[in-house]
Structures are given as C-alpha cells and as structure tokens.
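Q: how would this look folded up:
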Amino acid sequence: MKYSYYPGCTLRTKAKKLDDYARAAAKALGFELEELEDWQCCGGVYPLSSDEIGSKLSSVRALNEAKVKKQELVTLCSACHHVIKRVNDDMKNVEDIRTRANNYLKLDEPYLGETEVLHFLEVLRDKVGFDEIKKKVVNPLTGRKIGAYYGCLLLRPSEILTFDNPENPTIIEELIRALGAEPVVYPYRNECCGGYISLKDNDLSKKMCNTVMDSAKGFEAEMLVTACPLCQYNLTKNTADGVPVIYFTEILAEALGVKEEVDA
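A: Next up, the predicted model:
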C-alpha cells in the first residue's frame, strides 16, 4: 500500500527522528510513504478567522496533490494533521472558503475535499491492524511501563478530526500493548501541555507541563510517548525531574527491530 505523505517543517529539523523512525517502521510493516514533491508549511496553527484563506492554501495544495495521485494523505506531526484535516473539512463543507481557495489556486479542476487524511497512527490501527503489528514485533518491550501523551491537537475538535474519543482515547495504549509493553493510563494524558502559551506566559506553561508529568509519575509511568513535537519539547524543557518523553515512532521502530539502523 502506498500513501501520499506530508512530513511538515518540524520533521526536517528538531523532530527529524519522529520522521526517520516512522519511515523505517512503515517499510518493516509493508507500506510506503511517498513524500509529496512540493509541500509547503501547513501554517502551524489553524486560523480561526472565518474569512481567512491565505494560510490555508498550502494545505489545499498538499490535499490536491494527493487527490491527483489518487492516494490517501498521511501526516505525522499532530499540528500538521490538525491543520490539514480541518482545512480539508472547510473545503468539503464551507462554500465561501472552497470557492475563494479554488479561484486563487487556479487548479486544473476544483478541489472539493476529496482526499482522505490519515494520521500515521490511524494507518497502524485501521489499515495494518495492531494484531498484525504484534506478529511483526521482534524485540517485544516486555516489562516496560509506558504512558501515552495525546495533548490537544490530535483529539479536538473531535467531530472533525474523528481520531479517537477525546475524553478517553485508546489508540496509543493499544499500540503500546501490541509492542509488548504495559500502557499506563493516567488522568492528564489528554490535557494541554501549554503549547503556544509558552510564548506569552512560560511560567503557566511550566505549571501545565508539571501537572501532566506529576500525573504520569504518580501512576508509575517510566516514559511517555507522543506524536507532537511541541508537546515533546515543552514536556522535556519545562519539567526538571520528569520521565523521558520520546516519539511513539521510536518505540515502534525499536519493537520492529529497525531502530538501530536509524540511529546508526
């Protein structure tokens, strides 16, 4: 199975390992991520202005390129997924945005929201299947207690992202279990880490990060895994004595026996 793939800017810099481990794991699991040829920054934040189209155009270009290739579009960064999925919803359901975006881009044919957008985790759950992943584990993570940290962007708004239950998500815990480890369910796994608040009020962001970390440690998590580069940065930078926070793709690559070739 081949998917169009949108990596996003951060996966070219600070979150390069999130991307590297994902590509290696995809190969081990038998599917291909075909990077879009001319992708641009998604904008990083979904614009809340109802008449804003300028910052949505790069997402529309990516969506249309996948449509032309007749492929589903896979994302990995939580922020990129959030923005592209919501822009796609606009192109399906908001006539004014759809009309103005198409008028500006002058595509060969209008883009009407035809592309299906999937997060890499959804490919693992819905296309490959956790039972199949379990069969391909060569280095089971037996005895390790790992907590999932979802943050905000993967889950909300739930009626558009349709990723998982926003109050009680399970997708990352199911992956952790398939890899042989013990998932740790703790109360603050889907609460905000402070995100962009850190730019304005770093003390508040630190407080929010420490609340998450204290919750995870209180339930005896030995490490946290996330899909969000900003969450990984905030939780690592703002907590003095927390547990390690790594990308979920790293434990996936480790269990599949391909981590060492990425780290080499």
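
Q: leaving out the residues flanking it, which one is nearest to the residue most central in space within the chain?
A: Nearest residue to the geometric centre of the chain (C-alpha atoms, centre = their mean): residue 78, 3.4 Å. Closest residue in space to residue 78, ignoring its immediate chain neighbours: residue 228 at 3.7 Å, by C-beta to C-beta, 6 or more residues apart in numbering. For every residue, glycine as well, the C-beta is placed using N, CA and C.

Q: for the one you found, what are its contacts?
A: Applying C-beta atoms under 8 Å, 6 or more residues apart in numbering to residue 228 gives the contacts 77, 78, 79, 149, 151, 153, 154.

Q: which residue packs closest to the first one, ignoring adjacent ones?
A: Going back to what we said before, that points to residue 77. What sits nearest to residue 77 in space, not counting adjacent residues and going by C-beta to C-beta, 6+ apart, is residue 8, at 4.5 Å.

Q: identify the residues contacting that neighbour.
A: 39, 41, 42, 75, 76, 77, 79, 80.

Q: pLDDT on stretch 157-176, on average?
A: If you average the pLDDT over stretch 157-176, you get 97.

Q: which residues in the stretch 101-250 of the chain form strands?
A: Ranges of strands in the stretch 101-250 of the chain, per DSSP state E, counting those that start in this stretch, are 117-119, 145-148, 182-184, 223-226, 245-247.

Q: residue 163 contacts residue 153, correct?
A: No: Residue 163 lies out of contact with residue 153 (C-beta atoms under 8 Å); the separation is 9.6 Å.

Q: ok, now how distant is residue 226 from residue 135?
A: Computed with C-beta to C-beta, to the nearest Å, the distance linking residue 226 and residue 135 is 26 Å.

Q: what do you get for residue 87?
A: Distance, residue 87 to residue 135, by C-beta to C-beta: 36 Å.

Q: of those two, who's got more company?
A: For residue 87 and residue 135, the more surrounded residue by other C-beta atoms under 10 Å is residue 87, and the numbers stand at 28 against 9.

Q: and that one, what pLDDT?
A: pLDDT at residue 87 comes out at 98.

Q: for it, what are its contacts?
A: Taking C-beta under 8 Å, 6+ apart, we find residue 87 in contact with 46, 56, 59, 60, 63.

Q: any chance of those residues in a markdown table, with secondary structure, neighbour count and pLDDT too?
A: Listed next are these as a markdown table, based on DSSP: H, G, I helix; E, B strand; the rest coil; neighbours: other C-beta atoms under 10 Å; pLDDT from 0 to 100:
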| residue | secondary structure | neighbour count | pLDDT |
| --- | --- | --- | --- |
| 46 | coil | 21 | 95 |
| 56 | helix | 23 | 96 |
| 59 | helix | 28 | 98 |
| 60 | helix | 25 | 98 |
| 63 | helix | 25 | 98 |
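
Q: show me where the stretch 51-200 of the chain has its helices.
A: For the stretch 51-200 of the chain, the helices defined by DSSP state H, counting those that start in this stretch cover 57-68, 78-93, 95-105, 120-122, 130-136, 158-161, 171-178.

Q: for residue 154, see how far away the residue nearest to the centre of the chain is.
A: Per C-beta to C-beta, residue 78 is found 5 Å from residue 154.
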